[in-house]
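1. I need the structure of the sequence given here:
(chains A, B and C)
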Amino acid sequence: MDVLGWLQRTSVDAPWLLAVIRVLLLVVPILTIVPGLIWWERRLLSWMQDRIGPNRTGTITIPDNFPLASLRGRKIRTFGLLQPIADGVKLFMKEDVTPSSIDRKIYFLAPAIALFPAFALGATLPQASTGFIPGTDILGPFHYLTPVANVDIGLLYVLAISSLGVYGVVLAGYASNNKYSLMGGLRASAQLISYELAMGVSLACVVLATASLRMSDMVVAQEQALWGFVPAVQNWFLFTPFGLVSAAIFLVCVVAETNRAPFDLPEAENELIAGYHTEYSSMKFAVFFMGEYAAMFVFSGVFAAVFLGGYNLMPFNWEYLAATFPAAAGFFKGMAAANYWLGPLGFVAKMAAGITFFIWLRATLPRLRYDQLMTLGWKVLLPLAVANFIVVGIWVICSNERVLGPVGGWVALLVAMGVLAILYMNLAATIKKGAKSMDKRTVKLSDPQAKRSIKLADPGPASEGGQA
Amino acid sequence: MTLPLPLATSMTSDVPLGWFLTLGLFMFVVGGVGVVVRRNPVVVFMCIELMLNAVNLTFLAFARYQIVPGASTEQAALNAMNGQMMVIFVMAVAAAEVAVGLGIIMAIFRLRNEADLDDMSALRG
Amino acid sequence: MTANQVVFLVLAAIAGLAAVGVVAFGNNPVRAALLLVLNFFVLGFIYFTLGAQLLGISQIMVYAGAIMVLFLFVIMMLQLHQRSPIVEGREGRGVLAWLFGLALAVVVFASVIVPLMSVSGSPIGDEYGTPQSVGRVLFTTYVLPFEIASVLLLIGIVGSILLAKRRL
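-> Numbering: from 1, shown residues only, chains lettered A, B, ... in the order given. Predicted structure coming up:
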């Protein structure tokens, strides 16, 4: 309680000090956890690919002259946990090659610009409950410690900062003065603009459902009764039909926004060498690397806060259960307290799950082609997100107590989803029919235009015979 | 329940209105000069965006600092909203304008493959 | 001088210098675009100091995050940065432009800003810039202009596709 008292006093006397503490509480864990993430990615990836991966670095064999005879020759295993540190040392020590014909200022600025949004992104994420300590009406310590800024525009802030993430990549690609890097930068800008739209619309669905842009309000909205009529379970948006669609769209868009496989076209090794960071070596490369991992981590946090109930460990309303089943009230009250005090751990666990999903995707899916990427973004995700938005709008109106109530709202939502799906399938069938007839027309060899194009491409007389 | 909001505090009460207007005027003039001086179509376009933003800043400054004497509180609130609405519409129009304008620039480049606005005088007669 | 004034002056200095840089670096479009991004970003913060949260964040999202990315995309696609810089002949025009700009600045400053220089403080509550209050007005009083703006955006989409596609 003393800590709480100090926090209360400081929030009045020196709010700037609390702000600094909040920033540190956000940034320092991200910075310290990134090496662990790299280790986790390499180990998990190698496990999924039936390899061993880095498991040696850091393992110490106790020497034969060790005083305790029983320990001689034993190994202290660290499972390669020190590998990222060794990698870091290697990156520091490497020769720092700077190409000669670069745009010098922008070249050095680009890694910093790439790192900035990754860290700034988490500023509105509530890592723990900002409300009352369960069973009391005292604002807990987390109220003063998270999020960095509990602003009205929390979700818009996430969108705005994530939209700045493209600059690091684009500027690196431009400044390197290398055609492959430039291609990478171009791809990145087109990709990020395309996927930002679907991401924005998918998040707008959730905003419509919670009627707030404030991130802590979004988590509180997910602590209500599931579907409006199952009070024992929390209404995590992943459990609702529209939330499921939104979450899927958002997940794909996040992978695209962070330039991770299968959307890593800007740095496609086998087409563009390494795309935008071809010309970056040593520390500057490490900064890009770190920015990518930090962005993944923080985006997982956004996903957790918006769709996965934020800092809640399990989707149960413990206080309701305690009131309903007085026999086990003590247990449920204890769980409520644990849910509150272990909130940050729950949040980090959800972020780690998100990272694992990223790695899983990378191990599973091959890289998309550029046209597939654009088709997915513009023709699948964006229409789907807009359709979902319409469905959420219908649900919000119908589930009002004065219209149909919660149950009627869900019926209306399912009907709307069905109608939209039928409409979409009709449309897709029509488009497909049209596309088929187009294909036939262009493939036909008797088509005069096709013949002419063959002649233009290869004017020699021998090729005519070859074609026939 | 609500934290003291870092962004929503009454920060501007001691910054005079004139400072915002001066910044807006400065940006507008610089943008206008850029439109006249520069001959690269994309840079000219960027200067136009600069001018639009200068106007936006001015709108917001006037929305925040009510200068209508004797206006009632409701009237003042409505005026503040009007200023913000103008900014929203300017943003929407600017987005449409950029999409079409950059399309036009790309079409011109495909046609002429040159970068000088002064030489784009095909319709001068 | 209060802390708020210092904050404003720093932001204004960055925004102003970036604006000058946009024009001064006109021969290198990427740098000009980058400085314009900086200007828009800082402008977003100035909107925050004015209490217009929603518009400040929209400024960063729309201008710095979307429109300027489009500019950079076009600059890089047209390889504008690799073309030889346009030789700025006709120096007289530049001088004339700066003179006219200065004249405009002086006239507007004297006739508009000087009379308003002393105005400070405001009767407007801080919540005038929140998403809730903006949204309420946007979808009631201003619903017709809002719809017209959305139609305009639709026309913009169609028009830009029409312009950019070689053949439909």
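2. Contact partners for the residue nearest to the spatial centre of chain C?
-> Among the residues of chain C, C:Phe40 comes closest to the average C-alpha position under C-alpha atoms, centre = their mean, at 5.5 Å. With contacts taken as C-beta atoms under 8 Å, 6 or more residues apart in numbering or on different chains, C:Phe40 has the following neighbours: B:Asn53, C:Gln59, C:Ile60, C:Tyr63, C:Ala64, C:Met68. Quick note: C-beta positions are derived from backbone N, CA and C, even for glycine.
3. Pull out whichever of those are also neighbours of chain A.
-> Restricting these to those near chain A by C-beta under 8 Å from any C-beta of the partner chain leaves C:Ile60, C:Ala64.
4. would TSV of the contacts of C:Phe40 with pLDDT, secondary structure and neighbour count be doable?
-> Rendered in TSV, the data for those read as follows (pLDDT from 0 to 100; DSSP: H, G, I helix; E, B strand; the rest coil; neighbours: other C-beta atoms under 10 Å in any protein chain shown):
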residue	pLDDT	secondary structure	neighbour count
B:Asn53	92	helix	26
C:Gln59	89	helix	28
C:Ile60	90	helix	27
C:Tyr63	89	helix	25
C:Ala64	87	helix	24
C:Met68	89	helix	27
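5. Closest one of the contacts of C:Phe40 to chain A?
-> Within the set of those, C:Ile60 lies nearest chain A; the separation is 4.4 Å, counting by C-beta to the nearest C-beta.
6. what's the spacing between that closest one and B:Ala80?
-> 21 Å (C-beta to C-beta, to the nearest Å).
7. Could I get the average pLDDT for the helix or strand hosting C:Leu152?
-> Secondary structure from DSSP states H and E places C:Leu152 in helix C:143-164. The predicted model gives helix C:143-164 an average pLDDT of 88.
8. pLDDT below threshold where in the stretch 151-300 of chain A?
-> Scanning the stretch 151-300 of chain A for pLDDT under 70 picks out the ranges A:268.
9. Output the set of residues of it in proximity to chain C.
-> The interface of the stretch 151-300 of chain A toward chain C, taken as C-beta under 8 Å from any C-beta, is made up of A:151-153, A:156-157, A:159-161, A:163-164, A:166-167, A:170-171, A:173-174, A:182, A:185-186, A:189-190, A:192-193, A:196, A:213.
10. Could you list which of those residues also contact chain B?
-> Among these, the residues lying close to chain B (C-beta under 8 Å from any C-beta) are A:Val151, A:Asp152, A:Ile153.
11. In ChimeraX, how would I select the buried members of those residues?
-> Buried members of these can be picked out in ChimeraX with the line below, counting by 16 or more other C-beta atoms under 10 Å in any protein chain shown:
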select /A:151,152,153
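12. Redo the ones next to chain B among the residues of the stretch 151-300 of chain A next to chain C as CSV? Include secondary structure.
-> As requested, those are exported to CSV (DSSP: H, G, I helix; E, B strand; the rest coil):
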residue, secondary structure
A:Val151, coil
A:Asp152, coil
A:Ile153, coil
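13. what about C:Val30, distance to A:Tyr174?
-> Between C:Val30 and A:Tyr174 the distance is 6 Å, computed by C-beta to C-beta.
14. overlap in contacts of these two?
-> With contacts taken as C-beta under 8 Å, 6+ apart, the residues that reach both C:Val30 and A:Tyr174 are A:Asp103, A:Ile106, C:Leu72, C:Met76, C:His81.
15. domain parsing for chain C?
-> As recorded under automatic domain parsing, the domains making up chain C are C:1-83, C:130-168.
16. Residue ranges in chain C under the pLDDT threshold?
-> Low-confidence segments of chain C (pLDDT under 70): C:1, C:26, C:80-92, C:118-126, C:166-168.
17. hmm, 80 instead?
-> Scanning chain C for pLDDT under 80 picks out C:1-4, C:25-27, C:78-94, C:112-129, C:164-168.
18. Quick check: C:Asn39 is in a helix.
-> Yes - read with three-state DSSP, C:Asn39 is one of the residues of a helix.
19. Quick check: closest non-adjacent residue to it.
-> In this structure, C:Asn39 finds its nearest non-sequential neighbour in C:Ala18, 3.9 Å apart by C-beta to C-beta, 6 or more residues apart in numbering or on different chains.
20. For the host helix or strand of that neighbour, buried residues please.
-> Assigned by DSSP H and E, C:Ala18 falls within helix C:3-24. Along helix C:3-24, the positions that meet the burial threshold by neighbour count (16+ other C-beta under 10 Å) are C:4, C:7-8, C:11-12, C:14-16, C:18-24.
21. count of residues packed around the closest residue to A:Asn259 other than its chain neighbours?
-> If the residues on either side of it in the chain are set aside, A:Asn259 comes closest to A:Pro266, at 5.4 Å by C-beta to C-beta, 6+ apart. Under the neighbour criterion other C-beta atoms under 10 Å in any protein chain shown, A:Pro266 is assigned a count of 27.
22. Could you tell me the angle between the helix or strand containing B:Leu50 and helix C:3-24?
-> According to DSSP H and E, B:Leu50 maps onto helix B:41-64. Counting by axes from the mean of the first three to the mean of the last three C-alpha atoms, to 10 degrees, helix B:41-64 lies at 160 degrees to helix C:3-24.
23. ok, and for helix B:41-64, which residues are buried?
-> Buried residues in helix B:41-64, defined by neighbour count with 16+ other C-beta under 10 Å: B:41-64.
24. Could you do stretch A:49-58 as well?
-> Taking 16+ other C-beta under 10 Å as the criterion, stretch A:49-58 shows A:Gly53, A:Pro54, A:Asn55, A:Thr57, A:Gly58 as buried.
25. Same question for stretch A:28-37.
-> If you call a residue buried by 16+ other C-beta under 10 Å, then stretch A:28-37 has these buried ones: A:Pro29, A:Ile30, A:Ile33, A:Val34, A:Pro35, A:Leu37.
26. cool, stretch A:131-145 as well?
-> Residues of stretch A:131-145 classed as buried by neighbour count (16+ other C-beta under 10 Å): A:Gly131, A:Ile133, A:Pro134, A:Leu139, A:Gly140, A:Pro141, A:Phe142, A:His143, A:Tyr144, A:Leu145.
27. from those, which are also near chain B?
-> With C-beta under 8 Å from any C-beta as the criterion, the buried residues of stretch A:131-145 include A:Gly131, A:Leu139, A:His143, A:Tyr144 near chain B.
28. Touching, A:Ser202 and A:Ala385? I think so.
-> Yes - with contacts counted by C-beta atoms under 8 Å, A:Ser202 reaches A:Ala385, the gap being 4.7 Å.
29. Looking at those two, which one has more neighbours?
-> A:Ser202 (29 against 24).
30. of the buried residues of helix C:3-24, closest to chain A?
-> The shortest gap between chain A and any of those belongs to C:Gly21, at 11.9 Å (C-beta to the nearest C-beta).
31. In contact with that closest one, which residues?
-> Applying C-beta under 8 Å, 6+ apart as the definition, the contact partners of C:Gly21 turn out to be C:Arg31, C:Ala32, C:Leu35.
32. Going by distance to C:Val158, which of those residues wins?
-> For the contacts of C:Gly21, the residue nearest C:Val158 by C-beta to C-beta is C:Ala32; the value is 29.2 Å.
33. Just the CA trace of the host helix or strand of the closest one, in PDB.
-> Element membership for C:Ala32, per DSSP H and E: helix C:29-49. In PDB, the C-alpha atoms belonging to helix C:29-49 read as follows (Å, rounded to 0.1, in the frame of the first residue of the first chain):
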ATOM      1  CA  PRO C  29      12.400  15.400 -54.400                       C
ATOM      2  CA  VAL C  30      13.000  12.700 -51.900                       C
ATOM      3  CA  ARG C  31      14.500  15.100 -49.400                       C
ATOM      4  CA  ALA C  32      11.700  17.600 -50.000                       C
ATOM      5  CA  ALA C  33       9.200  14.900 -49.400                       C
ATOM      6  CA  LEU C  34      10.900  13.800 -46.200                       C
ATOM      7  CA  LEU C  35      11.000  17.300 -44.900                       C
ATOM      8  CA  LEU C  36       7.300  17.700 -45.700                       C
ATOM      9  CA  VAL C  37       6.600  14.500 -43.700                       C
ATOM     10  CA  LEU C  38       8.500  16.100 -40.800                       C
ATOM     11  CA  ASN C  39       6.400  19.300 -41.200                       C
ATOM     12  CA  PHE C  40       3.100  17.400 -41.200                       C
ATOM     13  CA  PHE C  41       4.200  15.200 -38.300                       C
ATOM     14  CA  VAL C  42       5.100  18.300 -36.200                       C
ATOM     15  CA  LEU C  43       1.900  20.000 -37.300                       C
ATOM     16  CA  GLY C  44       0.000  17.100 -35.800                       C
ATOM     17  CA  PHE C  45       1.600  17.900 -32.500                       C
ATOM     18  CA  ILE C  46       0.700  21.500 -32.800                       C
ATOM     19  CA  TYR C  47      -2.900  20.400 -33.400                       C
ATOM     20  CA  PHE C  48      -2.600  18.500 -30.100                       C
ATOM     21  CA  THR C  49      -1.600  21.600 -28.300                       C
END
